[in-house]
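Q: Below are the sequence and a predicted model; questions follow.
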Amino acid sequence: MLGKTTSNKRDDVTLRLVRGTGWRWRRETLGCRLRSLARSAMIRRSWIGWASRLALVAVTLGAAGADAAERTMSWDNGCRFTVRYDPAKHDETRLRNTVRLLFGPSDFDSPGTLPAFDPKAVAALDADKIDRACKATLDAAARLEFIALVGVDDYRRAKMAELKDSCDFDLAHTRGFKTPAALRDYQPAAACARFVDAIEGKTDLQQMFRQTVDKGCANNASPKACVARYAAEAQMADGAERMRIYLVNFGWSNCAINYNLRNTGEKKMEAMRSALETQFRKMFKVKQDKCEEAD
């Protein structure tokens, strides 16, 4: 019979009569079809599993790539500190300048005055060299670039003012050995003019010398020996010059240094620096490695 299907069901086997080029029987196994469907489902689950694992690998590699891109910068300030940073986000030079600004070593130090305690050492002093070094340091400090922290430019200006003040002090000190009137050029120390008056001969040089020696030697381990040593120097052929040198070093200088901006503005400067450090530590994770043991 054409077009009619005869079915005999036995377990999961169905026999169908179909029309083709002739009459034939086709045998289909229901169990085979179910197993085929199961294999397809397993394949789909396998692909989903692989996709998940590939996504995890991609995330892991991305994180590893980010870590690999990071760099570290270390510095010592009594303790050793290390900071990690991403060079794609933070310029290394700016970061280094900021670390030096907040933790040292400072880029705002004056060259200072070379020690001179006798006429020969005074003759070798070069005030112009100090002046050139100060101008170069100020110029370099003005061009420094820092990480963007609120108030960092105000702090730089304050540090430059300190540097300028220290340079003015150093120049007055150095020039004052040969030209005492130069000591008056450091105007913040106007209260120390009594020493300049004695050095210039406007008041009693020996009296001011003895008073200053007595005060300076009071805390010496052997005050009498200290006084005797300087008294002996004052009796030398160039004693008057030695007394003037002593008053520049231990009279005017010890008095004038109290009026240095580094001393009068110390609390304000530390408050500014501390505020910037707080911002810096919020922006970067700073790790403290080790500290030097106190002697």
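A: Yep, that arrived. Numbering: from 1, shown residues only.

Q: Give the closest residue to residue 189 in space, chain neighbours not counted.
A: Excluding its sequence neighbours, the residue lying closest to residue 189 (C-beta to C-beta, 6 or more residues apart in numbering) is residue 256, at 3.5 Å. Heads up, the C-betas are built off the backbone N, CA and C, glycines and all.

Q: so what's that neighbour scoring on pLDDT?
A: As predicted, residue 256 sits at a pLDDT of 98.

Q: Going along the chain, name the helices of this protein.
A: 30-69, 92-103, 119-123, 127-142, 152-178, 193-199, 205-217, 223-234, 239-246, 253-256, 261-264, 266-283 (DSSP state H).

Q: got a list of what the residue nearest to residue 189 touches?
A: When contacts are counted by C-beta atoms under 8 Å, 6 or more residues apart in numbering, residue 256 touches 169, 172, 173, 183, 186, 188, 189, 192.

Q: and the residues you listed as a markdown table, adding distance to residue 90, pLDDT and neighbour count?
A: A markdown table is the format used below for the contacts of residue 256 (distance: C-beta to C-beta, whole Å; pLDDT from 0 to 100; neighbours: other C-beta atoms under 10 Å):
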| residue | distance to residue 90 | pLDDT | neighbour count |
| --- | --- | --- | --- |
| 169 | 36 | 97 | 24 |
| 172 | 41 | 97 | 24 |
| 173 | 41 | 97 | 25 |
| 183 | 46 | 98 | 25 |
| 186 | 40 | 98 | 22 |
| 188 | 39 | 98 | 15 |
| 189 | 42 | 98 | 24 |
| 192 | 46 | 98 | 20 |
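
Q: hmm, which two among those are most spread apart?
A: 173 and 188 (12.8 Å; C-beta to C-beta).

Q: I'd like the helices of the chain as CSV, with distance to residue 77 appended.
A: What follows is the helices of the chain, written out as CSV (distance: least, C-beta to C-beta, whole Å):
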stretch, distance to residue 77
helix 30-69, 26
helix 92-103, 5
helix 119-123, 34
helix 127-142, 20
helix 152-178, 17
helix 193-199, 36
helix 205-217, 33
helix 223-234, 36
helix 239-246, 36
helix 253-256, 28
helix 261-264, 18
helix 266-283, 11
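
Q: So which of those is nearest residue 83?
A: Nearest to residue 83, of the helices of the chain and by C-beta to C-beta, is helix 92-103 at 7.5 Å.

Q: Show me which residues of the closest one are buried.
A: 95, 97, 98, 99, 100, 101, 102, 103 (16 or more other C-beta atoms under 10 Å).

Q: and what of stretch 69-81?
A: For stretch 69-81, by 16+ other C-beta under 10 Å, it's 75, 81.
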